[in-house]
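S.K.: Let's see this in three dimensions:
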Amino acid sequence: MLDAKSLNNLKQAHPLLQKVVQQFQIDFPNVQFQINDAQRGRAEQEQAYRNKTSRAHFGQSAHNYKPAVALDIYVKPVQFAKWAPYQMFAKEFLSSAAKVGVSLTWGGSWTSIKDGPHFELSDWQARVKRGEVKLL
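M.R.: So this is what the prediction gives:
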């Protein structure tokens with residue numbers, strides 16, 4: 001069961017991301033996780049850039065849109081220094097996404113930076129161009 005913060009973040013997410021989370025909870029009911037981030041406004045995004053937790057300025061991140069086209073998900077218990085829990089979670093989460101026909105990109109598969117908690121709609125930039133999602 002998701003905590004109140006996670007549920008609030010999920011409400012900010014694109015319906016396709018919500019669909020994946022719902023399927024994941026059906027497929028893997030015993031996996032405990034929290035949704036730490038969905039939307040980020042300008043100030044929050046620029047702070048993440050300054051803190052080097054993001055390489056994107058406001059408008060360049062999938063978190064800067066409404067509805068959010070990205071989620072940061074932490075496996076419980078949260079262990080920032082351990083990579084294996086994120087790899088296992090990603091495998092399971094991506095399998096749930098495939099089951100409902102949603103294409104996701106996992107930040108752990110990037111070559112320039114590894115972002116284990118990050119999942120985004122693979123076509124989010126095309127959705128921005130089509131006007132389906134709007135900059136916050």
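S.K.: CA only for contacts and neighbour counts going forward, please
M.R.: Noted.
S.K.: Would you indicate which residues of the helix ranked longest in the chain are buried?
M.R.: Looking across the chain with DSSP state H, the single longest helix is helix 84-99. For helix 84-99, burial by neighbour count (16 or more other C-alpha atoms under 10 Å) applies to Pro85, Tyr86, Gln87, Phe89, Ala90, Glu92, Phe93, Leu94, Ser95, Ser96, Ala97.
S.K.: And the contacts of that helix?
M.R.: Identification of contacts with helix 84-99 by C-alpha atoms under 8 Å, 6 or more residues apart in numbering yields 20-21, 23-24, 27-28, 74-75, 103-104, 106, 108, 116-117.
S.K.: got the phi/psi numbers for Pro15?
M.R.: With angles defined as degrees, to the nearest 10, Pro15 sits at phi -50, psi -30.
S.K.: If you could redo that for Ala13, that was the one I meant.
M.R.: Dihedral angles (degrees, to the nearest 10) for Ala13: phi -90, psi 160.
S.K.: before we move on, what about Lys114?
M.R.: Per-residue torsions, Lys114: phi -100, psi 120 (degrees, to the nearest 10).
S.K.: I'd guessed it sits against Gly107; true?
M.R.: Yes - using C-alpha atoms under 8 Å, Lys114 is in contact with Gly107, at 5.8 Å.
S.K.: more neighbours, the two?
M.R.: Gly107 (18 against 13; other C-alpha atoms under 10 Å).
S.K.: Quick check: chain neighbours aside, which residue is closest to that one?
M.R.: Once flanking residues are discounted, Gly107 sits nearest to Asp115: 4.4 Å by C-alpha to C-alpha, 6 or more residues apart in numbering.
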